[in-house]
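K.L.:
fold the following and give me the result.
(one chain, ligands or ions: 1)
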Amino acid sequence: MHYSSFYADKEYILIPSGESSKSLEAILPVYRSLVNMGVDRNCFFVGMGGGVVTDIAGFVASTFMRGSSFGFISTSLLGQVDAVIGGKNGVNLDGYKNLIGTINQPDFIINDPAFFQTLPGKEYINGTAEVIKQFLVADEASFHWMNKQLDAYLQKDASMLFDLIYRQSKIKAEIVSHDEKEKGNRKILNFGHTIGHALERETGLAHGFAVSIGMVYAARISARYGLLDPDQLKSIIDMLQKCHLPVESDFELPLLLETIKKDKKRKGDSLDFILLEKIGEARIRNIDFDELEVLLNKF
Ligand SMILES: NC(=O)c1ccc[n+]([C@@H]2O[C@H](COP(=O)([O-])OP(=O)(O)OC[C@H]3O[C@@H](n4cnc5c(N)ncnc54)[C@H](O)[C@@H]3O)[C@@H](O)[C@H]2O)c1
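P.N.:
You can find the predicted model right below:
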């Protein structure tokens with residue numbers, strides 16, 4: 001068990017690691033423990049861990065006794081660049097991600113890349129997909145900056161990572177501060193996630209690996225629409241590969257359509273799909289399912 005000195009002298013609840021902890025059934029014992037511990041509405045919740053723990057902690061804090069204040073100490077790469085910023089907290093339902101949840105902001109977030117020293121390599125690569133995504137949709141200069149420093153990044157160099165976490169937090173906070181409820185531009189953060197989420201559900205691929213493939217297909221669709229320059233498409237694929245992320249799947253893409261239709265972001269017979277105009281600039285385009293089927297059949 002890592003970092004137990006942080007909480008050993010506090011009242012705490014341990015949550016088993018893994019996505020299976022993120023369900024209503026799995027968190028019922030957490031609520032019961034809070035009752036047994038005599039927790040009241042004046043208590044302050046701190047979620048310490050990866051995205052699973054902080055998503056659950058934010059959701060439990062937001063719902064137990066109609067809500068208390070909370071903060072996060074994030075220990076994973078995906079957590080620090082993505083999960084703890086933006087106020088989305090929630091749990092999954094029947095394999096569909098984050099279907100039940102709240103939008104409620106923490107009072108503080110502690111992001112320290114020193115935690116990555118104990119983070120398993122696969123989890124580091126998993127989080128890397130979201131790092132690349134955020135630069136792709138919003139910050140071309142940082143995409144090229146990261147590309148030049150990939151060795152330092154892959155070796156978890158502390159000073160490079162401090163800079164990276166700062167750039168990433170700034171991007172996400174800026175986008176979310178203008179659109180907390182995801183009615184507009186926050187949707188660009190879903191780049192790669194329509195196909196990614198469906199692949200994750202159908203193949204069991206880890207989230208970041210599925211999103212990496214989803215980003216490549218979304219970038220290829222962007223190029224097909226005449227938006228993204230083919231050279232930039234190649235740079236994106238190169239970057240993902242250099243970061244040990246997959247860029248294609250054996251799974252037959254048209255078979256993903258039924259799963260995509262159940263995406264919580266669907267709007268009737270269509271959904272907002274995120275395309276790239278260029279590296280660092282995303283565009284939301286409503287695509288109906290017939291058109292999407294034609295596109296998926298081309299790959
Ligand atoms: N709320 C949001 O906006 C948002 C955004 C993106 C992702 N998420 C959610 O985040 C979750 C994924 O987060 P994750 O990738 O951090 O997964 P995770 O929380 O499952 O952590 C991955 C693994 O790494 C371990 N771990 C975490 N930090 C560690 C450390 N410093 N040292 C050693 N081991 C460590 C965990 O115990 C776990 O086994 C998903 O449930 C996803 O839906 C939420």
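K.L.:
hey, let's count contacts and neighbours off CA atoms from now on
P.N.:
Noted.
K.L.:
now do the helices in the chain.
P.N.:
Secondary structure of the chain, counting by DSSP state H: helices at 24-36, 51-63, 77-78, 121-138, 140-148, 150-154, 158-178, 193-203, 207-224, 230-242, 257-261, 289-297.
K.L.:
tell me which of those helices lies nearest to residue 278.
P.N.:
Across the helices of the chain, the minimum distance to residue 278, taken as C-alpha to C-alpha, is reached by helix 230-242, at 7.2 Å.
K.L.:
quick one: the closest one to helix 140-148, angle?
P.N.:
For the pair helix 230-242 and helix 140-148, the angle between their directions (axes from the mean of the first three to the mean of the last three C-alpha atoms, to 10 degrees) equals 50 degrees.
K.L.:
and the angle for helix 230-242 with helix 207-224?
P.N.:
Between the direction of helix 230-242 and that of helix 207-224, the angle (the same axes, to 10 degrees) works out to 170 degrees.
K.L.:
what sits up against helix 230-242?
P.N.:
If you take C-alpha atoms under 8 Å, 6 or more residues apart in numbering as the criterion, helix 230-242 is touched by 129, 132, 147, 150, 212, 216, 219-220, 223, 246-247, 278-279.
K.L.:
so residue 136 touches residue 281, yeah?
P.N.:
Yes: the criterion here is C-alpha atoms under 8 Å, and residue 136 meets it with residue 281 at 7.0 Å.
K.L.:
could you give the bridge partners of the closest residue in space to residue 266 that isn't next to it in sequence?
P.N.:
Among residues not flanking residue 266 along the chain, residue 272 sits closest, at 7.2 Å (C-alpha to C-alpha, 6 or more residues apart in numbering). The residues paired with residue 272 through beta bridges, assigned by DSSP bridges, are residue 286.
K.L.:
what sits against residue 272?
P.N.:
Counting by C-alpha under 8 Å, 6+ apart, residue 272 touches 265-266, 284-287.
K.L.:
let's see it at 7 Å
P.N.:
For residue 272, the contact set (C-alpha atoms under 7 Å, 6 or more residues apart in numbering) comprises 284-287.
K.L.:
distance of it from the ligand?
P.N.:
Per C-alpha to the nearest ligand atom, to the nearest Å, residue 272 is found 18 Å from the ligand.
K.L.:
can you pull the residues of the stretch 51-200 of the chain lying near the ligand?
P.N.:
Contacts of the stretch 51-200 of the chain with the ligand, taken as C-alpha under 6 Å from any ligand atom, map to 51-53, 55, 75-76, 78-79, 82-84, 86, 88-89, 115-116, 118-119, 123.
K.L.:
what's the burial count for the nearest residue to residue 200 once chain neighbours are set aside?
P.N.:
Closest residue to residue 200 in three dimensions, ignoring its sequence neighbours and counting by C-alpha to C-alpha, 6+ apart: residue 210, at 5.5 Å. Residues within reach of residue 210, counting by other C-alpha atoms under 10 Å, total 28.
K.L.:
for the nearest residue to residue 181 once chain neighbours are set aside, name its beta-bridge partners.
P.N.:
On the basis of C-alpha to C-alpha, 6+ apart, the spatially nearest residue to residue 181 that is not a chain neighbour turns out to be residue 103, at 7.3 Å. Under DSSP bridges, the beta-bridge partners of residue 103 are residue 88.
K.L.:
isn't residue 103 up against residue 88?
P.N.:
Yes: the pair residue 103 and residue 88 passes the contact test of C-alpha atoms under 7 Å, sitting 4.6 Å apart.
K.L.:
more neighbours, those two?
P.N.:
Between residue 103 and residue 88, counting by other C-alpha under 10 Å, residue 88 is the more crowded of the two (20 against 15).
K.L.:
tell me the contacts of the more buried one?
P.N.:
By C-alpha under 7 Å, 6+ apart, the contact set of residue 88 is 102-104.
K.L.:
ok, now how distant is residue 199 from the ligand?
P.N.:
The span separating residue 199 from the ligand equals 14 Å under the rule C-alpha to the nearest ligand atom.
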